[in-house]
Every structure is written in C-alpha cells, then in structure tokens.
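Q: take this sequence and fold it.
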Amino acid sequence: MRRKASLVLLALAVFFAALSPLLRWYAFPRLAKVPAGRYQAVVTEAKDATLVDYATLEPKKVPKVTVIQTLKGNVEQARKVKKETGRDAVVWDTLTYIAGPDGKMVSRIPERYVFDGHTQQPVHAGGEHVDGTPVRREGIAYKWPFLVEKRDYRYFDMQTRTSAPIHYKGTRTFRGLEVYYFEQTVPWTKVPLPRTLPLGISPDTVRQLGLENWYTTKRMFWVEPTTGAPVNAEEFHHTQMRWTGHPEKKPITAFAGHVKMRPDYADDTVALVKSQRQLVLLLTTYLPWGFPALAAVLLALSVALEARSRRPAPGGTRNPGRDRRAFAGERAQDGGKPEAPGPWQGHADQGGSP
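A: Predicted structure coming up:
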C-alpha cells in the first residue's frame, strides 16, 4: 500500500514540475491578451489653457479644455485580420474628441489601431489610419507590452504619424502601485490639421489663409510593469498656426496647456489594473514558482514512503509458536526426526509421578 502511494506521489511531482515551464512559456503568451471587444473611455483635462477662437483667429485663455478619448474593440474586423494574416490581432477604433469650456467641439480625430493582443506590436492589416490617412505604425501606442522592461521603447505619435523613442526614467509609486515612469518629447514639427474643425472650417480654409499647423509636446506615462497598462498620463501640449512665407509674423497659438487625467478616471484605471495584475502574476510568478516547490514536497514524501515500505519488521513482533513450527518443518525437510522426549517428559505425559 505504501509503495502504491509512493508511486502516485512521484507521478504528481513529475506532473507539477513539467507544468511549471508550460504555464510560463506556453500558456502565458496565449492567455494573457488584450480582449478583442474591449471598450474604454479616458477623460483628460487642461485647466487654465490657451485656445484659439476660430471665428477671429485670436488665442484666448479658457478655464478648461477637455479631451475625451474612447477605445472600442472591433471584433468583426479582428476576425477578418486573423483570416488574412493568421494572427490573433486586436483592432481598436479610437476617437480623440476635444471640447472647449462650453462643451462644444474643438476638433475630433478618429483612428484605427491594429496590434498583437499579447506583444502590443502593430499588425499591418485591417486599414490602420489616423484621421482617415493610411499609416504604418512602428512601436507601441496606448499600451505597453506585458512584463515591461526598464528600457526605452518606440512610441507612435498620432499628430506627426511617426514613431520615436520614449525613455524610461525610473521607478515610482502611484496610488499604492509601483510603476515605471516614461517620458517623450516631440520637437516642433509641421503636422496636418484635423479634418473636422468647428464652424465648418476645413484644413483647406486654413491653408488658403496662408497658415500651417505646427506642434510640440512632452508626454509622460506612469506604467504598471506587470500588465503594461498606463495608470496615469500627462502632456505639456502646444500647437501653433504659423504664417507660410512670413516668419516675421507672430504665430497663432491654437492650443497650449498641461493635460492631466481626471482623478476619477485615474481611480478607475488603478482599480482595474490591480485586479488584472493578479491574473498575470498567477501565470508568470505564483504558479510557475509554486509548482516546483510543490513538486519537491511531493518527491520528498514519495521517497519517505518508499523507504518505510522497504524497512524490515521490528524483532519484538515475532511469533514463537510460528517460529517453532517453521523450525520443525525445516528438520523434516532435512530428513531428521523430532527429538525424543526425555524421561521426565514421558512420565509427565502418562500422568505418573517420580
């Protein structure tokens, strides 16, 4: 019985030891993915900002500019991409909507971002674009990969339609979470105007006035390293309309402000990331390291049971009657006869007395 239990324990030890690397290197890349149908909205604000009045083309101070960014997973398009490429891609249809202090639209820029749900690397299929203009993204956007490293990454900028390094600047704490802090500065660059502007103004209208759009920003991200999700984001954003061919003319500030995530959205993001973090750690740390420890315990128990099953029985448990019968049997096998009774034994058997 002990030997059977020992073999069962040994089999379980081998099973858990083999399962550990399978979880980390096989199951984790296939299970840890951004959901294809995910929907998310993030609201950021720039208080005491500068905003152009398109009716007069004069910049003015405003109490607040609101940026609403929505991400919507396009499941049907993701299926088409998988059929074309064989990859489990995620397709996000995003919209960046900027509203003035009165809630009216300042601009709106739609995008389509196609990427690998696990590595976050772009997948060049499915009609990726920014504001209707086809693009070919390089690097990451919106989200870092799972298990972020302490290094620089390439990050895609929606305004310039190009990718540039975003630099790792150290480890910090944000609302109880240990996060990696990243910074990217985009120098002054000529960029397209949004196709949708207020008052029926179009990019062609602005160009006919002899103006072109220039932009610079410093963006900052606080990224939870296990999930790769930014839990906070800020930007020092500055956009100007410059006079073409007239460098002496003063540029018109279209927008300038320090854009920050609204506190309630930061709270919701942190709560979501904390719950998802435990699931990722289960596949990358808790089970892959816990199973080898469990296998070692099971192996030790198996060895102990096997050793006990091979140990001889203690001498105090011997049966004298059984031993005497075994001895008589051995003499019979050797051709000998039982020993003759002594004189006193014979008289005792006959009931006599000495």
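Q: is Met261 bridged to anything, and to what?
A: Listed by DSSP bridges, the beta-bridge partners for Met261 are Thr44.
Q: and the strands in this structure?
A: Counting by DSSP state E, residue ranges of the strands within the chain are 39-53, 58-73, 89-99, 105-116, 129-130, 133-134, 153-157, 162-174, 177-190, 211-224, 229-243, 252-261.
Q: quick check: can you list the domain ranges of this structure?
A: Each domain of the chain is listed here as a residue range: 1-31+273-307, 32-261, per the TED database.
Q: who wins for proximity to Asp267 among the ones you listed?
A: Distances from Asp267 to each of the domains of the chain were compared by CB to CB, and the smallest falls on domain 32-261, at 7.7 Å. The way it works is simple: take the backbone N, C-alpha and C, and place the C-beta from them, glycine included.
Q: so for the closest one, mean pLDDT?
A: Per-residue confidence for domain 32-261 averages out to 95 on the pLDDT scale.
Q: and what of stretch 302-321?
A: The average of the pLDDT scores along stretch 302-321 is 67.
Q: just the domains of the chain: most buried one?
A: domain 32-261 (a mean of 17; mean count of other CB atoms under 10 Å).
Q: and that domain, end to end?
A: 26 Å (CA to CA, to the nearest Å).
Q: do the same with stretch 18-36
A: In stretch 18-36, first residue to last residue: 31 Å (CA to CA).
Q: hang on, Val148 packs against Val223?
A: Yes: counting by CB atoms under 8 Å, Val148 sits close enough to Val223 to count as a contact (5.8 Å).
Q: shared neighbours, these two?
A: Counting by CB atoms under 8 Å, 6 or more residues apart in numbering, the common neighbours of Val148 and Val223 are Tyr180.
Q: show me the contacts for the residue nearest the centre of the chain.
A: For the chain, the residue whose C-alpha lies nearest the mean C-alpha position (CA atoms, centre = their mean) is Thr227; its distance is 3.0 Å. Thr227 makes contact with 146, 273, 276-277, 280, according to CB under 8 Å, 6+ apart.
Q: could you export those residues as a markdown table, including distance to Val42?
A: Rendered in a markdown table, the data for these read as follows (distance: CB to CB, whole Å):
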| residue | distance to Val42 |
| --- | --- |
| Phe146 | 20 |
| Val273 | 13 |
| Gln276 | 16 |
| Arg277 | 19 |
| Val280 | 21 |
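Q: nearest to Ala295 among the residues you listed?
A: Val280 (22.8 Å).
Q: residues contacting the closest one?
A: The neighbours of Val280, taking CB under 8 Å, 6+ apart as the test, are 32, 146-147, 226-227.
Q: Ala266 and Asp53: what is the separation?
A: Here Ala266 is placed at a distance of 31 Å from Asp53 (CB to CB, to the nearest Å).
Q: please name the nearest non-neighbouring residue to Lys60.
A: If you skip the residues right next to it in sequence, Lys60 has Asp53 as its closest partner in space, 5.8 Å away by CB to CB, 6 or more residues apart in numbering.
Q: wait, isn't that neighbour in contact with Val62?
A: No: proximity of Asp53 to Val62 does not meet the contact threshold set by CB under 8 Å, at 9.5 Å.
Q: follow-up on the earlier one: pipe the contacts of Val280 into JSON lines and attach distance to His237 per row.
A: Output for the contacts of Val280, formatted as JSON lines (distance: CB to CB, whole Å):
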{"residue": "Ala32", "distance to His237": "33"}
{"residue": "Phe146", "distance to His237": "29"}
{"residue": "Leu147", "distance to His237": "30"}
{"residue": "Thr226", "distance to His237": "29"}
{"residue": "Thr227", "distance to His237": "26"}
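Q: out of those residues, which comes closest to Gly117?
A: Ala32 (8.7 Å).
Q: quick check: Leu12 touching Ala296?
A: No: proximity of Leu12 to Ala296 does not meet the contact threshold set by CB under 8 Å, at 11.7 Å.
Q: quick one, what contacts Lys150?
A: Lys150 makes contacts with 168, 171, 180, as judged by CB under 8 Å, 6+ apart.
Q: next one: Ile109
A: 95-96, 130-131, 158, 194-196.
Q: and those residues, which two are furthest apart?
A: The most widely separated members of the contacts of Ile109, counting by CB to CB, are Met158 and Thr196 (14.5 Å).
Q: just the residues contacting the longest helix along the chain, thanks.
A: Using DSSP state H to define each element, the chain has its longest helix at helix 287-310. Residues lying outside helix 287-310 but in contact with it, judged by CB under 8 Å, 6+ apart, are 2-3, 5-7, 9-10, 12-17, 19-21, 23-24.
Q: coming back round to it: let me have the strands of the chain in JSON lines, extended by distance to Glu306.
A: Converted to JSON lines, those look like this (distance: least, CB to CB, whole Å):
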{"stretch": "strand 39-53", "distance to Glu306": "56"}
{"stretch": "strand 58-73", "distance to Glu306": "54"}
{"stretch": "strand 89-99", "distance to Glu306": "51"}
{"stretch": "strand 105-116", "distance to Glu306": "48"}
{"stretch": "strand 129-130", "distance to Glu306": "66"}
{"stretch": "strand 133-134", "distance to Glu306": "68"}
{"stretch": "strand 153-157", "distance to Glu306": "53"}
{"stretch": "strand 162-174", "distance to Glu306": "48"}
{"stretch": "strand 177-190", "distance to Glu306": "45"}
{"stretch": "strand 211-224", "distance to Glu306": "47"}
{"stretch": "strand 229-243", "distance to Glu306": "49"}
{"stretch": "strand 252-261", "distance to Glu306": "60"}
